[in-house]
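Requesting a structural model of the entry that follows:
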Amino acid sequence: MHPFLTGVYGNPSSHHTVGEAASEALEWARGRVAAALGMRPSEVIFTSGGTESNNLAVKGIVLGALQEDPQRRRLLTTPIEHESILRSAEYLHRLHEVAVTMLPVCEDGVLAIDDLRIALDAADTALVTFGHANNEMGTVQDVTGLIAVAHEHQAPVHVDAVQSAGWLDLRALGADAVSIAGHKLGTPKGIGAIGVRSRVPLEPLLHGGGQERGRRSGTENVAGAVGLATALDLAETERAQSIAAVGAQTGAFIASVLDAVPQAALTGCPDHRLPNLASFTFAGASGEAVLLELERRGVVSSSGSACAAGSDEPSAVLLALGIPAEVAQTSVRFTFGRTPLPEGAAQHLAGLVADAVAAVTA
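Next up, the predicted model:
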């Protein structure tokens, strides 16, 4: 990124040497991101992050569909999605009278293909949107199966891949739109992207100079785009090795926590989940108190979604799974990086978790 923060700091829309150099870098980055998403370079739009990408997908595609056919005003999603999707759905319902259907998920957070098929029987669906992997509990959806059913009913599908990018293969999903965020891959915050198939009508949310082929106006973040493309390349190169090593580490951690803490319960699907995420509830313990005890022991973890920071309400995701509110408030989430911890560290970490829970419930 350094050259595009310093010497090659031109506006990629400018027709001079420095601007053209920036434009070349931007198009290189677009091509690399497109390859990771399984799309054409012309279908990639750079954004400020996952929230903007999801807003552009949900609002932009639904509003584009309404312009083509005013009868297509139904949005299908689930109650366990990221707030950027749920609040976008709420906006469309409130200001554009879009009918929002919340599809049920099972106690593991899995969206059943048959439930989607039933909801699609109406021919008025403008968009189906769901997360590839849940950001709070790590459950991975059967994306290809869900997309196949949606396409049987001519309904476009947006997949929120912010959490799964770099861990799961996005190239063969077959989605009509895919959102990613750079900071989940190790870039500085403030860069993201969305791939949208050229056949899908998209109403822009930002208007102005017509950048990004008129779909997202504003001078592009060239350094961020280059960083995002590089991070995706690195993640893809290391993906198989990272999944094996980090997945084994996370599995050992989960087993050790369940063994060491009697009241611990794993949330999400035990089999189909991200290799780097483990989320538990600790019935009878305050989740926030456990977080503080863990931090005293040098362990930084999270409670629910980072985008709901400051809220002491139980996680809406866990409530949607049927977990009682008083138990949902005890949730703690652990996310591991791409570099595996030293041998035995997972078991040691589980011991610290057991100590923290014991301190809270003593």
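
Over to Q249: give its phi and psi.
The phi/psi pair for Q249 (degrees, to the nearest 10) reads phi -60, psi -50.

ok, now which ones touch it?
By C-beta atoms under 8 Å, 6 or more residues apart in numbering, the residues touching Q249 are F336, P340, L341, A345, A346. To be clear about C-beta, it is placed using only N, CA and C from the backbone, and glycine gets the same treatment.

which of these count as buried?
Buried members of the contacts of Q249, scored by 16 or more other C-beta atoms under 10 Å, are F336, P340, L341, A346.

Leaving out the residues flanking it, which one is nearest to T17?
In this structure, T17 finds its nearest non-sequential neighbour in G10, 7.8 Å apart by C-beta to C-beta, 6 or more residues apart in numbering.

And Y91, by the same measure?
Excluding its sequence neighbours, the residue lying closest to Y91 (C-beta to C-beta, 6+ apart) is K59, at 6.8 Å.

Name the SS class of that neighbour, please.
Following DSSP: H, G, I helix; E, B strand; the rest coil, we place K59 in the helix state.

And it, what's its pLDDT?
Listed pLDDT for K59 reads 98.

With E90 as the reference, measure out to it.
11 Å (C-beta to C-beta, to the nearest Å).

More neighbours: which of those two?
Neighbours per residue (other C-beta atoms under 10 Å) separate K59 from E90, with K59 holding more: 23 against 13.

show me what contacts the more buried one?
With the criterion set at C-beta under 8 Å, 6+ apart, K59 makes contact with S88, Y91, L92, E203, L205.

Secondary structure element holding V178?
strand 177-181 (DSSP states H and E).

who does that strand touch, helix- and strand-wise?
Helices and strands touching strand 177-181, by 3 or more C-beta pairs under 8 Å, 6 or more residues apart in numbering; DSSP states H and E, are helix 17-37, helix 50-68, strand 157-160, strand 192-196.

how far off helix 17-37 does it point, in degrees?
110 degrees (axes from the mean of the first three to the mean of the last three C-alpha atoms, to 10 degrees).

Strand 177-181 pairs with which strands?
Applying DSSP bridges to the sheet, strand 177-181 is found paired with strand 157-160 (parallel), strand 192-196 (antiparallel).

Nearest to N276, out of those strands?
N276 lies closest to strand 157-160 among the strands paired with strand 177-181, at 17.2 Å (C-beta to C-beta).

Run through who's touching that closest one.
50, 54, 57-58, 61, 81-82, 85, 127-132, 143, 146-147, 150-151, 173, 175-179.

picking that back up, Serialize the contacts of Q249 to CSV and add fields for distance to A34.
Converted to CSV, the contacts of Q249 look like this (distance: C-beta to C-beta, whole Å):
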residue, distance to A34
F336, 29
P340, 30
L341, 34
A345, 37
A346, 37
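
With respect to E97, which of those residues is nearest?
The closest of those, once distances to E97 are taken by C-beta to C-beta, is F336, at 43.6 Å.

count of residues packed around L349?
Applying other C-beta under 10 Å, we find 23 other residues in the vicinity of L349.

List the buried residues for stretch 39-46?
In stretch 39-46, counting by 16+ other C-beta under 10 Å, buried: M39, E43, V44, I45, F46.

Find the nearest non-adjacent residue to the first one, please.
Read it as M39. Spatially, and ignoring its direct neighbours in sequence, M39 is nearest to G195 (4.1 Å; C-beta to C-beta, 6+ apart).

what's the pLDDT at the one you found?
At G195, pLDDT is 98.

Look up which residues are beta-bridged to it.
V44, V178.

what's the burial count for it?
G195, neighbours per other C-beta under 10 Å, totals 26.

Correct me if wrong: it contacts A36.
No - between G195 and A36 there is no contact under C-beta atoms under 8 Å: 9.0 Å.

For the spatially most central residue of the chain, give me its contacts.
Nearest to the geometric centre of the chain sits V162, at 2.8 Å (C-alpha atoms, centre = their mean). Going by C-beta under 8 Å, 6+ apart, V162 touches G50, S53, N54, H82, G131, N135, S179, I180, A181, K184, G192.

any chance of the residues you listed in TSV, with distance to S331 too?
Supplementary listing: the contacts of V162 in TSV, determined by distance: C-beta to C-beta, whole Å:
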residue	distance to S331
G50	21
S53	26
N54	23
H82	16
G131	17
N135	13
S179	24
I180	25
A181	22
K184	20
G192	26
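
Look up how far S331 lies from A285.
10 Å.

any common contacting residues for those two?
What both A285 and S331 touch, as defined by C-beta under 8 Å, 6+ apart, is an empty set.

Can you report how many residues lie near S217?
S217 has 14 neighbours, counted by other C-beta under 10 Å.

Against N11, how distant is the closest residue to it other than its chain neighbours?
Counting by C-beta to C-beta, 6+ apart, S217 lies nearest to G208, which is 3.4 Å off, once chain neighbours are set aside. Going from G208 to N11 by C-beta to C-beta gives 13 Å.

These two - which one has more neighbours?
Higher neighbour count among G208 and N11: N11, with 16 against 11, using other C-beta under 10 Å.

Surely that one is in contact with E20?
No - N11 is beyond contact range of E20, at 10.3 Å (criterion: C-beta under 8 Å).

Which of the contacts of K59 are buried? Put it as a ChimeraX command.
Buried residues within these, by 16+ other C-beta under 10 Å, are selected in ChimeraX with:
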select :88,92,205
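
just curious, which of the contacts of K59 is nearest to H15?
After measuring the contacts of K59 against H15 - C-beta to C-beta - the closest member comes out as L205, at 27.0 Å.
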